[in-house]
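> structure for this input, please:
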Amino acid sequence: MLPTPKKFKVVAGGAEGRSKLTAFDNALLKAGVGNVNLLKVSSILPPSCEFDADFVLPLGALTPIAYGSIVSDVPGETIAAAVAVGVPAEETMGVIMEFSGKCTKEEAETTIRKMVEEAFEVRNLELKEIKVCAVEHKVEKIGCAFAAAPLWY
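Numbering: from 1, shown residues only. As a prediction, this is how the structure comes out:
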């Protein structure tokens, strides 16, 4: 059984690459999560998990992370990714939402905020605040936009 994460942050990065995979990898590096192993998780922020923008992930660590990404090989196309973490008003779980698409950063942020609000509404939870991170990337040859909420212990 894996331990329950105790802290989280929100990150984003956009980058070019010579292939779709290296564009993705370069976006991870720009977001600060390129040198760890990502364990993709769904959308629940554990109770008592606190925001900490400064924690450093050990190289190669198995890192629980919720993320959205988009890769494009259409020159001139604008792509964006966003992540948002809804922090509850009371001591209970929160919700993480991810979004990516062919849109601007502002459109991604607007969409992701609405997704968090809906997730809290259907769970009948009171929302204290939303932590959002988004990135926009204009594709030159092959580009990627990536946004994530890594969790840590």
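> now find how far off-centre stretch 144-153 is within its chain.
4 Å (C-alpha atoms, centre = their mean, to the nearest Å).
> what residues sit buried inside that stretch?
Cys144, Ala145, Phe146, Ala147, Ala148, Ala149, Pro150, Leu151, Trp152 (16 or more other C-beta atoms under 10 Å). C-beta coordinates here come from the backbone N, C-alpha and C atoms, glycine included.
> what's the separation between the fifth one and Glu140?
Using C-beta to C-beta, to the nearest Å, Ala148 is found at 23 Å from Glu140.
> equivalent analysis for the third one, please.
According to C-beta to C-beta, Phe146 stands 16 Å off from Glu140.
> now do Ala82
21 Å.
> can you list contacts of stretch 132-142?
10-20, 22-23, 27, 31, 71-84, 104-105, 108-109, 112-113, 143-147 (C-beta atoms under 8 Å, 6 or more residues apart in numbering).
> do stretch 35-54 as well
4-9, 28-29, 57-67, 85-87, 91-98, 119, 131, 149-152.
> in what helix or strand does Glu121 lie?
Using DSSP states H and E, Glu121 sits within helix 105-123.
> for the record, mean pLDDT for that helix?
Here helix 105-123 scores 98 as its mean pLDDT.
> Ile70 looks like it's in a strand, true?
Yes - counting by DSSP: H, G, I helix; E, B strand; the rest coil, Ile70 falls inside a strand.
> what about the closest residue to it other than its chain neighbours, how many neighbours?
Of all residues not flanking Ile70 in the chain, Ser100 sits nearest, at 3.9 Å (C-beta to C-beta, 6 or more residues apart in numbering). Counted with other C-beta atoms under 10 Å, residues neighbouring Ser100 total 24.
> surely Ser100 forms part of a strand?
Yes - counting by three-state DSSP, Ser100 is found in a strand.
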